[in-house]
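*Asks:* the following block contains a protein sequence and its predicted model.
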Amino acid sequence: MSSTSPLVTTDETASQPLASELARIRVAYAKRDGRPIYSVFEPAQLLAIQERERQLLRMLCAHGGASLERSKILEVGCGTGIWLREFVRWGARPENITGVDLLPERIAEARRLCPPQLKLECGSATQLNSGNAEFDLVMQSTVFTSILDPQVKMQIAGEMLRVLRPKGSIIWYDFRFNNPRNPDVRGIKAKEVRSLFPGCRVEFHKVTLVPPIARPVARTSRTLHAILSSIAPLRTHYLALITRI
């Protein structure tokens, strides 16, 4: 795709299936806003965040990323900027960080919460307004499982690879199982992740204790939560680092 392609995909410029899928995603994401289970004051959510942070920093360090000070970072589907602010806390310069999200209200909230030097854009990740090989790190967190159309997944994965520098990495955090209570999401197995990023090496780690177990357990015993989290079949997400071979 051309790096000069428009930021926002509209019904006039996109195929009808793409426009329909983006509209469905907007509605699905809007349903999640404000739910207390995603608050850091929810013990299970806090423990999941801390686990992800420890594992991701170990992975980045093992791949020579001991400092993020000079790294250019992009997050697709950045929401209100939770991960973006984490990158700043880990040493990345705000002026080197870009976040893109489909929902204008989330971008507005991210602008309120994030450092003003951070670049935030409202638009579709199927057509990123960034140049080729612009970023050292490209992040996605629970974006791909919200996309049900295989072609849209491929378009976004292709754009992530297009803007990634040759020695850069893609950070992936997403469900590996379907959620029977949520028809708006579909789990993605390791094989599908590899197919989305051909010619890449993918390092997988299973993380995040299954939420219906994690929530009641975390409120009563962090020790029991840690024991259950050590059982691989009970971990619902992949945290992966994707690099070109």
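*Replies:* Nice, I can see it.

*Asks:* alpha carbons only for contacts and neighbour counts from here, please
*Replies:* Fine.

*Asks:* quick one: the helices in the protein?
*Replies:* 16-32, 43-62, 82-89, 104-113, 150-163, 190-196, 211-220, 222-229 (DSSP state H).

*Asks:* nearest to residue 184, out of those?
*Replies:* helix 16-32 (6.3 Å; Cα to Cα).

*Asks:* so which bits of that closest one are buried?
*Replies:* Residues 18-19, 22, 25, 28-29 are the ones in helix 16-32 that count as buried (16 or more other Cα atoms under 10 Å).

*Asks:* pull the CA atoms of it into PDB?
*Replies:* Extracted in PDB, the C-alpha atoms of helix 16-32 (Å, rounded to 0.1, in the frame of the first residue of the first chain):
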ATOM      1  CA  GLN A  16     -18.600  -2.500   1.000                       C
ATOM      2  CA  PRO A  17     -17.400  -5.500   3.000                       C
ATOM      3  CA  LEU A  18     -14.500  -3.500   4.500                       C
ATOM      4  CA  ALA A  19     -16.800  -0.600   5.300                       C
ATOM      5  CA  SER A  20     -19.300  -3.000   6.900                       C
ATOM      6  CA  GLU A  21     -16.700  -4.700   9.000                       C
ATOM      7  CA  LEU A  22     -15.200  -1.400  10.200                       C
ATOM      8  CA  ALA A  23     -18.700  -0.200  11.200                       C
ATOM      9  CA  ARG A  24     -19.300  -3.500  13.100                       C
ATOM     10  CA  ILE A  25     -16.000  -3.100  14.900                       C
ATOM     11  CA  ARG A  26     -16.900   0.500  16.000                       C
ATOM     12  CA  VAL A  27     -20.200  -0.700  17.500                       C
ATOM     13  CA  ALA A  28     -18.500  -3.700  19.300                       C
ATOM     14  CA  TYR A  29     -15.800  -1.500  20.800                       C
ATOM     15  CA  ALA A  30     -18.300   1.100  21.900                       C
ATOM     16  CA  LYS A  31     -20.000  -1.500  24.100                       C
ATOM     17  CA  ARG A  32     -16.900  -2.100  26.100                       C
END
